[in-house]
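Asks: next one to model:
(3 chains)
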Amino acid sequence: MGGEMTLPPHDLMRYAIAGDRERLFNDDSLWLCLTCETCSARCPNDVDPARVIDALRELAALEGAGHGPRNVAAFHKSFLEQIRMTGRLSEVGLIMQYKMRSGALFQDVAVVPAMLERGKLPLVPSRIRGHAEIKSIMAACAREQALAAEALAATADAPTAGPAPDADSEVAP
Amino acid sequence: MTLAYYPGCSMHGTSREYDESLRAVAATLEIELREIDDWSCCGASSAHIADHLLAVALPARNLALAEAQGASEVLAPCAACYNRLSGAAHAVADEPGLATKVPEVLGRPFTNSVQVTSIVELLQGLAPAIEERIGRLDRRRWRGNPLEQLNIAAYWGCLLVRPAATTGFDDAEQPTGMDDVIRACGANPVKWNMAVECCGGAFSVSRTSSVLRLSRAIIDDARASGADAILAACPMCHGNLDFRQSAMNLDPPMPVLYITQLVGLALGLPPERLGFARHFVDTQPLFTQLAQKADTAAAEAAEAAAAKAAKAAAKTAAKAGVS
Amino acid sequence: MSRIGVFVCHCGENIGRTVDCAAVADALREHPGVAHAEDYKYMCSDPGQQLIKKAIADDHLTGVVVCACSPHMHEKTFRRAAEQAGINPFLVEMANVREHCSWIHEDREQATAKAIDIGRTIVEKVKHNKPLETIRIPVTKRALVIGGGIAGIQAALDIADGGHDVVLIEKDASIGGHMSQLSETFPTLDCSQCILTPRMVEAYQHPRIKLHTWSEVEKVDGYIGNFTVTIRKKARSVNEDLCNGCGDCQAACPSRKIASEFDAGLGKRTAIYVPFPQAVPNIPVLDRENCTLFKGRRKGLAKDACGKCKEACLKGAIDYDRDDAFVTEEVGAIVVATGFQLYDIGRDQPEGLKGYGEYGYGEVPDVIDGMQFERLASASGPTGGAMLRPSDGTEPKTVVFVACVGSRDPEKGISYCSKICCMYTAKHTMLYKHKVHDGRTVVFYMDIRAAGKGYDEFSRRAIEEDGAEYIRGRVSRIFRDGEKVKVWGYDTLSNRQVEVEADMVVLATAVRPQPGISELAQKLSVSYDQDGFLNEAHPKLRPVETNTAGVYLAGACQAPRDIPESVAMASATAAKVLGLFSADELERDPSVAKVNERTCIGCFNCERVCPYGAIEHRDVCDVDGHVCGHVAYVNPGVCQGCGTCVAVCPSKSVELANFTDDQIYSEINALAGW
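Replies: Residues are numbered from 1 along each chain as shown, chains lettered A, B, ... in the order given. As a prediction, the model looks like this:
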């Protein structure tokens, strides 16, 4: 996707190192990453840009900088919502939710009959017995994420750290 | 052989033929596939961009289920599911704290004891069995093996080879496992350049233009390298190359086969059992063409053999005549 | 009866600021066995040394302790002073109260107490010091130079011109090394062979240089000044004394399709061959691996399958039955100048390295490395110097050069920079352009490292005068597309993806040490780093010596290096060797280990752990001369006094002079305040 990004992975890394949230989060590039992992496979210094980009995306969402361009955000949100409800992805459900969120009402409408004909669009979603587990897993992860966000916000507000205290000093840091 | 089986969400939907052909091949090779009971979605592309812990927990739930159901190895034919499951197992093993945090979040015990296997590893391991089976097939119906006329490009995509730390069963830049399976089936793997380039993955719906650009480049290179068809081992890749091909206006179109479909054909299973009718790019012209080529090749071989025999007979006769 | 003199140095402010030197002197004056104690601002100065000499004379001192800096700094100074005053220099020790005390602490009270403790321990040690005599060992004034490339040749010539004999050994059939394969050299664009071959001939003809080509080091025994080196002269199949270099054998050889090593695999040679026309010596070798006759012999054929070279030779110099021979040389110094090899991007890699699958693992036609480009550009090369690409012999119109292939890539296993590639890549663009005037050169680089004299100007010349397009960014993929080689890269300075359809691609691959370097290093007891480069004794101040006395380094075997630096280093090495040879005897520090042969049980644990190979076996004989046992013996000339043998001896039979167990215990006791 590098050809379509204004900020290809190496630029994203540069801005991340520089701490430039402004540039990072006001650009779609972060969200155009497909996690094809080619950058991480090739990086001579084992920076693992794919993982850093995922972390930046998490950070963007936590800091309220959005979820990317409308279509991309709509897709992922719909996906997660689907599995939250039933435990498995219902493609019909996904497409319907996606269309509502993205406004792409007429996209791919023409292929629906062909898909149905080929038996590729099961209309009845299957809900797993343990669907409540999925909800609780997602809730637990959301809680962890919230805690992490708080901790992150706390370090952002904290005054610059002074010299590290001596290991055997009596004074609590 | 018995294997726990994690189908993933596409197998009963958009990649139904992958599941069908897999089951057909498994039955023929006497492999029992035990679908993990009450499995759930692995989270695919959407979980890992939103929350790393969720991206580990969702696949880990399935590994925990497999453990509880007595499995030590699980087959995940979908490349994305394979990548997420394997990635989760590695994350729990390597990242500090996850070994305790994940079971907590799951509300299930989880000892991370299950090995995750890809379809390529499985079939590569079964290559001798496949070859042996092929050797025993009744070939009297055919005048030649059509698959010997098939030049096919093995398309790996991203998630079977990267990141090498979690996949790692083959070379990340020039893998050869699928070529081994192709050869075992009697077909010819072509040497080409786009085997591990991305097809556009999850942007199939949300950014189709990118998929068209990326997948088009893959098909063009396969064609330029002499391939009659492309072999895929991922529902997402197959979808981008097959389902989305009509928007690329290619002439002639390029058929895309699932690896299990190729193996099924090689084993002599009828195409109807392998789900070819579900493809968007019609595979029938390819089969017809291959059968014709095979017929021609067989005929030419027979002629050549007859000519050689005649020559030899004439020689012996001449010798007899002289003496 | 001990009469120790203690001298506490202020070292200006260095010690004096943190340690109360007067107090230290006062405290130590009270210590039993101390006959004299004083402090002074600069002990190492002339007046300071005078104080010591005076005290030795006046107070009849039996030992001296100078509380000051590290012994590495001034131990020699004070020992010389003591010697001049008439006592054995090895009765003088330094107590380090600077690096070990004043430089690392701030609290004056505590630092002073520590300084007193340090002083006390050394006083206790010196009480038991024995007077030692400097060890003197003879020096064989002959040098061995391993490697006949430009560095080896230069070192050999300098040592020989300095008046001493040199044995120069080279593993290939001819000397000259990689420099002989180059077309033109930077920054002058001199023809490489034109400047090299005169040196090669000079080395060959020099009365003091003995040349062994097609030879390798088999075994090294001995120690500095006294090495015995066994050289394996590999079976050449040609009698060097009879051959006159006429070349008839090569003309007669039927195997003409063997990939030529000299042409980096791009050209072909015969089985019996001279690697290049200007080879020195101009005597062929027979490649038994690829020779028809020898292949037949290995299969067990009754009759020899060929023999054309022997038939053709009018001098009867061909000898199929001669095997490897061994020659022993006695030398006093060894110079290692084995040079480098280029990193290969293929699939098969040694431990720790990865190949470049993204560039096709070396299987894409018309993707070559720098040395192969040199051979294409070279007048003596496979294309006679015409710029023709290997796959179809056509003239490439677009050539892409990729810098840093392997180098600076920790993920591939090479973290270092190979130093020479930026320069030779610029050179290559110029060599190409000078032959293909309408050609296009594109260079993908990360940085341009052109630090030498005239180097930056040279790289600018490539861009400004010869039109090379420099693109800052790496290449992600190289693959074949029909007749072209596609190169996918990025231009970070203008933020665009770049795709070039090239006719030929030249990869600037990393410089690595020669294969087999670790085996050679082990024979010489020289250490090497994780990349295989040989270790210098000190990276700043002792770059041409190793930690093995008598073994020196020159050229790229120590680190990637260009020709001027290799030559400079070789001359520096020669200077060290000539310095070693300037005296008839070598002086060695006598703080060496010694075995008590009476208590030694002959287990040879010491031999197993000695890093310098200093342990020898001694026979113990009965009165009739029959051997009834073996004990260990430490060769004082080789022993470096590390003490490892002392640590592993189960019977406590070996001790280090002036570092005996008793002395160590008395130091510990002093520290514990007993």
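
Asks: now do the contacts for B:L54.
Replies: A:I137, A:M138, A:C141, B:G43, B:A47 (CB atoms under 8 Å, 6 or more residues apart in numbering or on different chains). In short, each C-beta sits where N, CA and C put it, glycine included.

Asks: I meant to write C:V201 there.
Replies: Taking CB under 8 Å, 6+ apart, we find C:V201 in contact with C:V280.

Asks: could I get the full set of strands for chain B?
Replies: Ranges of strands in chain B, per DSSP state E, are B:2-5, B:32-35, B:73-75, B:115-117, B:151-154, B:188-189, B:229-232, B:256-258.

Asks: closest to C:E170 out of these?
Replies: Each of those was scored for nearness to C:E170 using CB to CB, and the closest is strand B:188-189 (46.0 Å).

Asks: mind listing the strands that closest one pairs with, and their directions?
Replies: Here strand B:188-189 has these sheet partners by DSSP bridges: strand B:151-154 (parallel).

Asks: sorry, back to before: what's the most buried one of the strands of chain B?
Replies: strand B:256-258 (a mean of 28; mean count of other CB atoms under 10 Å in any protein chain shown).

Asks: that strand pairs with which strands, parallel or anti?
Replies: Paired neighbours of strand B:256-258 in the sheet (DSSP bridges): strand B:229-232 (parallel).

Asks: let's test this: mean pLDDT of the partner strand, rounded?
Replies: The pLDDT scores in strand B:229-232 average 97.

Asks: and for stretch C:453-469?
Replies: What stretch C:453-469 shows for mean pLDDT is 96.

Asks: quick one: the helices in the stretch 101-250 of chain C?
Replies: C:108-127, C:150-161, C:192-205, C:248-252 (DSSP state H, counting those that start in this stretch).

Asks: pick the most buried one from those helices.
Replies: The highest average neighbour count among the helices of the stretch 101-250 of chain C, using mean count of other CB under 10 Å, belongs to helix C:150-161 at a mean of 27.

Asks: which PyMOL command selects the buried ones in the contacts of B:L54?
Replies: Selection command for PyMOL covering only the buried members of the contacts of B:L54, criterion 16 or more other CB atoms under 10 Å in any protein chain shown:
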select buried, (chain A and resi 137+138+141) or (chain B and resi 43+47)
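
Asks: that older thread, now the strands of chain B as JSON lines including distance to C:T197?
Replies: Shown next, in JSON lines, are the strands of chain B (distance: least, CB to CB, whole Å):
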{"stretch": "strand B:2-5", "distance to C:T197": "68"}
{"stretch": "strand B:32-35", "distance to C:T197": "72"}
{"stretch": "strand B:73-75", "distance to C:T197": "66"}
{"stretch": "strand B:115-117", "distance to C:T197": "62"}
{"stretch": "strand B:151-154", "distance to C:T197": "52"}
{"stretch": "strand B:188-189", "distance to C:T197": "50"}
{"stretch": "strand B:229-232", "distance to C:T197": "57"}
{"stretch": "strand B:256-258", "distance to C:T197": "61"}
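
Asks: of those strands, which is nearest A:G93?
Replies: Comparing the strands of chain B by their distance to A:G93 (CB to CB), the top pick is strand B:32-35, with 21.5 Å.

Asks: which secondary structure elements does that closest one contact?
Replies: Counting contacts by 3 or more CB pairs under 8 Å, 6 or more residues apart in numbering or on different chains; DSSP states H and E, strand B:32-35 packs against strand B:2-5, helix B:16-28.

Asks: kindly reformat these as TSV containing distance to chain C and mean pLDDT.
Replies: Listed next are the helices and strands packed on strand B:32-35 as TSV, based on distance: least, CB to the nearest CB, whole Å; pLDDT from 0 to 100:
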stretch	distance to chain C	mean pLDDT
strand B:2-5	30	95
helix B:16-28	28	95
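
Asks: the helix or strand of chain C with the lowest mean pLDDT: partners in the sheet, and parallel or antiparallel?
Replies: Of all helical and strand segments in chain C, the minimum by mean pLDDT, DSSP states H and E falls on strand C:585-588, at a mean of 88. Partners of strand C:585-588 in the sheet, by DSSP bridges, are strand C:135-138 (antiparallel).

Asks: and for the strand it pairs with, what are the contacting residues?
Replies: C:223-226, C:584-590, C:592, C:636-637.

Asks: returning to that earlier point: winner for burial among the helices and strands packed on strand B:32-35?
Replies: Sort the helices and strands packed on strand B:32-35 by mean neighbour count, taking mean count of other CB under 10 Å, and helix B:16-28 sits at the top with a mean of 22.

Asks: remind me what that helix packs against, helices and strands.
Replies: Short answer (3+ CB pairs under 8 Å, 6+ apart): helix B:16-28 packs on strand B:32-35, strand B:256-258, helix B:259-266.

Asks: residues near the residue of the stretch 551-674 of chain C found nearest chain B, how many?
Replies: Chain B sits closest to C:P560 of the stretch 551-674 of chain C, with a gap of 26.1 Å, by CB to the nearest CB. Here the count is done by other CB atoms under 10 Å in any protein chain shown, and C:P560 has 20 residues near it.

Asks: B:L257 against B:I230, yeah?
Replies: Yes. Contact status for B:L257 versus B:I230: in contact at 7.3 Å, counting by CB atoms under 8 Å.

Asks: common neighbours of the two, please.
Replies: B:I152.

Asks: picking up where we left off before, next, the buried residues of the least confident helix or strand of chain C.
Replies: Here strand C:585-588 shows C:L586, C:R588 as buried, counting by 16+ other CB under 10 Å.

Asks: so what strands line up beside the helix or strand that comes right after it?
Replies: Next along the chain after strand C:585-588, taking DSSP states H and E as the criterion, comes strand C:593-595. According to DSSP bridges, strand C:593-595 forms sheet pairs with strand C:654-656 (antiparallel).

Asks: now the helices and strands packed on strand B:32-35 as CSV including distance to C:L507?
Replies: Converted to CSV, the helices and strands packed on strand B:32-35 look like this (distance: least, CB to CB, whole Å):
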stretch, distance to C:L507
strand B:2-5, 44
helix B:16-28, 40
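
Asks: so which of these gets nearest C:H538?
Replies: strand B:2-5 (60.5 Å).

Asks: domain ranges for chain A?
Replies: Annotated domains of chain A cover A:2-62, A:70-155 [automatic domain parsing].

Asks: and the least confident of the contacts of strand C:135-138?
Replies: Out of the contacts of strand C:135-138, that is C:G637, at 81.

Asks: pLDDT wise, what is the one residue in the stretch 51-200 of chain B that gets nearest to chain C at?
Replies: Using CB to the nearest CB, the single residue of the stretch 51-200 of chain B nearest to chain C is B:E173, 2.4 Å away. The model reports B:E173 with a pLDDT of 95.

Asks: nearest to A:A18, out of the helices and strands packed on helix B:16-28?
Replies: Closest among the helices and strands packed on helix B:16-28, using CB to CB: strand B:256-258, at 43.3 Å.

Asks: OK, contacts around the residue of the stretch 51-200 of chain B closest to chain C?
Replies: Counting by CB under 8 Å, 6+ apart, B:E173 has contacts A:A41, B:V196, C:Y356, C:G357, C:E358, C:Y361.

Asks: from B:P163, how far out is the third one?
Replies: Taken as CB to CB, to the nearest Å, the spacing of C:Y356 relative to B:P163 amounts to 18 Å.
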